[in-house]
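1. Okay, predicted coordinates and the sequence, questions at the end:
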Amino acid sequence: MQYISHYASPLGSILLAADEVGLLGLWFERQKYFGRCLDKTQEEKEIPLFATVKHWLNIYFSGQEPSFTVPLHFIGTAFQKEVWALLCAIPYGQTTTYGAIAKQLAQKRGLPHISAQAVGGAVGHNEISVIVPCHRVVGADGSLTGYAGGLDKKTALLRSEKADMRTLFIPNKGSAL
């Protein structure tokens, strides 16, 4: 059974989704791929996990790094799950690139190369925004691209973490806008 709950963040309303395993979704309303992994029926219910997630979000949106983790339930391909696990290792307030993640994943798999575009596809389909910090991934040139919640939210999340924004920018054109 899947359960849903709502959270009012400073950046807008968030839908939370979970099952018996863990948190499986966290989406800003109207974001790309909103609720994609949800079953046709869910129950709106304040399960104990949602109290933990909301506490984590309260700490995070107060400008602090939460000192605990939330049980997660990734729903995706093996490749996506590997990428999402690497996202969880990006330190608070820091950024990395799609290419750096691809290189790290290739090294882990013993391969000479993995496409940064393939990594970008997996990052873009992350169902657990904010907690799985896909907003910390930027283009090799410093461009703030590819955030399903919108570039305004990506920028706000990075600023709230006091990430170094001096070399980052929003591109004027491109498919990831």
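-> Everything's here; your move.

2. hey, where'd the helices end up in this protein?
-> Secondary structure of the chain by DSSP state H: the helices cover 48-61, 78-88, 98-109, 116-124, 151-160.

3. Buried by neighbour count: which residues of the first one qualify?
-> Think helix 48-61. Leu49, Phe50, Thr52, Val53, Lys54, Trp56, Leu57, Tyr60, Phe61 (16 or more other C-beta atoms under 10 Å). Just so you know, the C-beta spots here come from the backbone N, C-alpha and C atoms, and that holds for glycine as well.

4. Count the residues that sit near the residue lying closest to the second one once chain neighbours are set aside.
-> Just to be clear, that refers to Phe50. Nearest non-adjacent residue to Phe50, counting by C-beta to C-beta, 6 or more residues apart in numbering: Ser5, 4.4 Å away. Using other C-beta atoms under 10 Å, Ser5 has 19 neighbouring residues.

5. Show the contacting residues for Ser5.
-> The contact partners of Ser5, taken as C-beta atoms under 8 Å, 6 or more residues apart in numbering, are Leu15, Leu16, Glu44, Lys45, Glu46, Ile47, Phe50, Lys54.

6. Please report the distance of the fifth one from Lys54.
-> In this structure, Glu46 and Lys54 are 9 Å apart, going by C-beta to C-beta, to the nearest Å.

7. circling back to that earlier point, next one, pLDDT for the residue nearest to Phe50 please.
-> pLDDT for Ser5: 98.

8. That one and Pro171: what is the separation?
-> From Ser5 to Pro171 the distance is 35 Å (C-beta to C-beta).

9. Where do the domain boundaries of the chain fall?
-> 3-61, 78-160 (automatic domain parsing).

10. Just want the most central residue of this structure.
-> Taking C-alpha atoms, centre = their mean, the centroid of the chain lies closest to Ser129, which sits 3.2 Å from it.

11. My guess is that one contacts Lys154. True?
-> No. Counting by C-beta atoms under 8 Å, Ser129 does not reach Lys154; the two are 9.7 Å apart.
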